[in-house]
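Asks: One predicted model, sequence on top.
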Amino acid sequence: MAHTHGANKRILLISFIIITVFMIVEVIGGLLTNSLALLADAGHMLSDAVSLFIALIAFKLGERSANYGKTYGYKRFEILAAVINGATLLAVAIFIFYEAVERIFNPPEVASYGMLIIAVIGLIVNIIVAYIMHRGGDTENNLNMRAAFLHVIGDLLGSVGAIIAALLMIFFDFTWADTVASVLVAVLILISGFRVTKASLHVLMEGTPANVNLEKVIEKIKTLPEVESLHDLHVWSVTSGQNVLSCHITVDEKMTVGESEGLLRELEHALEHENIKHVTIQVETGSHPHESSILCRHNYETEEHHHH
């Protein structure tokens, strides 16, 4: 986990530098060629640079240790960054739609050859950055990293759209191609933005993690012969890859503290296979639920000290 975290930071920094340098080139090129598809891609690249920077800061803040004020530490900054990045994707898409409508009624002259050259360079840059992020970063399970990666994929698609539009204008004189390409890219950006924002808000609302099957979790706990009943079950994520469970189980009154310890260790091991690393289980007897628990164990451990 620590290795993945460090790799994500390093990949984000490299991607941020590459994207920022080319974003400046693309903004200038978009203004000179007067291409909406290119300006849309440049605008998205600007949001990329910002999103990568936010993601980088979030990873850095997430390294800060837990304290009395923040007992889970600052790792949820990563989810907040993912929400911000998802929201900027939505904003960029809406802005492109707005500009496209304006251009339908007032189509400008577009320097298609200059647009083609810059779009091809942009495509190459985006392919390189996307490859670096996909190979070196955790774009599958880390929402913060995935949001940043989706920004880059949106850029890549924007470059493809700009290239197709430029070719259509050069060979067929389709002046509307620039606007249509920008709208199609905006639709794809809108979908990506919606998905990552929805997933991030689900974490903030402490919803059940996508990689946890709650029915299997309940079954694993209740099938143990020592467990008579299960209640007050909650499963949520602090941040991507850090799932937490808390619940109350009822056992026989004759169970000793040592037997309870053994039961809890067995449950911890079983739940680890269900993608849950942090477990809090309160053991109770049927005659004294809640008020007089025979054992309450909080197995909250940092990633560095958690080993099985």
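Replies: Structure's in. What do you need?

Asks: C-alpha from now on. contacts and neighbour counts both.
Replies: Will do.

Asks: Quick check: mean pLDDT of stretch 191-207?
Replies: Mean pLDDT, computed over stretch 191-207, is 85.

Asks: Tell me the buried residues in that stretch?
Replies: For stretch 191-207, a neighbour-count test (16 or more other CA atoms under 10 Å) marks Ser192, Gly193, Phe194, Val196, Thr197, Lys198, Ala199, Ser200, His202, Val203, Leu204, Glu206 as buried.

Asks: pLDDT below threshold where in this structure?
Replies: Counting by pLDDT under 70, the chain contains low-confidence residues at 1-6, 35-44, 47, 62, 66, 137-139, 141, 144, 240, 286-308.

Asks: And the strands in it, which stretches?
Replies: Assigned by DSSP state E, the chain shows strands spanning 229-239, 242-251, 278-285, 295-299.

Asks: Give me the helices and strands touching the first one, please.
Replies: For strand 229-239, the packing partners by 3 or more CA pairs under 8 Å, 6 or more residues apart in numbering; DSSP states H and E come out as helix 177-204, helix 214-222, strand 242-251.

Asks: which of the residues in that strand are buried?
Replies: Quick answer for strand 229-239 (16+ other CA under 10 Å): Leu230, Val235, Trp236, Ser237, Val238, Thr239.

Asks: what bridges to the closest residue to Ser246 other than its chain neighbours?
Replies: Leaving aside its sequence neighbours, Ser246 sits nearest to Thr280 (CA to CA, 6 or more residues apart in numbering; 4.6 Å). Beta-bridge partners for Thr280, by DSSP bridges, are Ser246, His298.

Asks: Repeat that for the one 4 residues further on.
Replies: On the basis of DSSP bridges, Glu284 takes part in beta bridges with Thr250.

Asks: Ile54 is in contact with Leu12, correct?
Replies: No: in this structure, Leu12 is not within contact of Ile54 by CA atoms under 8 Å, at 9.9 Å.

Asks: JSON lines for the buried residues of stretch 191-207, including distance to Trp176?
Replies: Output for those, formatted as JSON lines (distance: CA to CA, whole Å):
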{"residue": "Ser192", "distance to Trp176": "25"}
{"residue": "Gly193", "distance to Trp176": "26"}
{"residue": "Phe194", "distance to Trp176": "27"}
{"residue": "Val196", "distance to Trp176": "31"}
{"residue": "Thr197", "distance to Trp176": "32"}
{"residue": "Lys198", "distance to Trp176": "33"}
{"residue": "Ala199", "distance to Trp176": "35"}
{"residue": "Ser200", "distance to Trp176": "36"}
{"residue": "His202", "distance to Trp176": "39"}
{"residue": "Val203", "distance to Trp176": "41"}
{"residue": "Leu204", "distance to Trp176": "42"}
{"residue": "Glu206", "distance to Trp176": "46"}
